[in-house]
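*Asks:* turn this into a structure:
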Amino acid sequence: MKGFRWLQLVKIRISLSAAVSSLIGYMIYSNTLDINAMELSFGVFFLACGAGAMNHYQDRFVDRHFSRTSNRPLPRNLISPPRVLFFSACLMFLGLAVIYLSRSSHWAWFTGMIAVLCYNGLYTPLKKRTNLAMIPGMFCGMIPPLIGWVAAGGPIASPQIIVLMGIWGLWQLPHFWLLILNNQKEYRESDVPNMLHQLSGSQLKRILLVWIFGFACLAFLLPVVHVLIHPWAHWFLAAGLFSMAAAFTYFLLLKDDLKKYSHLFIGLNYTMGFILTLIFVDRLTILSF
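*Replies:* Alright, predicted model coming up:
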């Protein structure tokens, strides 16, 4: 059980997603899958784990007031805050060291530092004060594929990495808004700034639906900018995005039902996982090892 408490701190699914995203960014530019790419992805994983643990430390007082987060180790006093802080610092140091030693471009280490500063230095403190915290939060989510891209030597001003970063960025906000809609009563009564302090649930659902269509439209550009190469991958992408857009349109236009928000939340995560897997498998067929 003690080991599970520490796993809760590192946000394992988000950290794995960041690591895979960086690996894909590396693969797309270099057309290789080598030891440097693997070392880089491990470094990003450890860095993301450390940032996640730091986020738990920073949010330990706010987390007590939400049912979604009240069972985390720190609100329940299962782990002492100083130990979490030390654990987080060690993971971030390890992540940055592995990225630095992976023989990647020095820009990979620099962009990794920017991601941590955006997440723990801007987004986490600002979200307790203003809705504008979503801007650095969204930007932070866009950085993992960029880390891999620049690690392989890719230029920042490239349509491929701009589309990839945009997809990751547009995915961030619906992901959070679904959590808000699933816990509307708590967020309305909370002192933490959120969209439901200015908007009704219906208005937020409409904004969410527009954002989902924007996400789908941008993802449709993956074949256009040659991130996805093979025709079969294009058809799989179209089928997946159409299914997602249809599901969101159907369920968001129905009456309020808390279960549907949790189902859409899971579906949105699966869609991003599907896109990651599709890019990875598509690229494997043309890579050199």
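
*Asks:* isn't residue 133 right next to residue 121, touching?
*Replies:* No: judged on C-beta atoms under 8 Å, residue 133 makes no contact with residue 121 at a distance of 11.6 Å. Heads up, the C-betas are built off the backbone N, CA and C, glycines and all.

*Asks:* which of those two has more neighbours?
*Replies:* residue 133 (19 against 15; other C-beta atoms under 10 Å).

*Asks:* tell me the contacts of the residue nearest to the spatial centre of the chain?
*Replies:* Nearest residue to the geometric centre of the chain (C-alpha atoms, centre = their mean): residue 141, 4.8 Å. By C-beta atoms under 8 Å, 6 or more residues apart in numbering, the residues touching residue 141 are 168-169, 171-172.

*Asks:* kindly report the same for residue 254.
*Replies:* Residue 254 makes contacts with residue 260, as judged by C-beta under 8 Å, 6+ apart.

*Asks:* that's a helix at it, yeah?
*Replies:* No: with DSSP: H, G, I helix; E, B strand; the rest coil as the criterion, residue 254 is assigned coil and is not in a helix.

*Asks:* would you tell me which helix is longest in this structure?
*Replies:* helix 258-284 (DSSP state H).

*Asks:* other SSEs contacting it?
*Replies:* helix 12-30, helix 159-182, helix 231-252 (3 or more C-beta pairs under 8 Å, 6 or more residues apart in numbering; DSSP states H and E).

*Asks:* which stretch among the ones you listed comes nearest residue 55?
*Replies:* helix 12-30 (9.6 Å; C-beta to C-beta).

*Asks:* and that closest one, how far from the chain's centre?
*Replies:* On the basis of C-alpha atoms, centre = their mean, to the nearest Å, helix 12-30 sits 11 Å off its chain's mean C-alpha point.

*Asks:* how many degrees apart are that helix and helix 159-182 in direction?
*Replies:* Helix 12-30 and helix 159-182 are oriented at 160 degrees to each other (axes from the mean of the first three to the mean of the last three C-alpha atoms, to 10 degrees).
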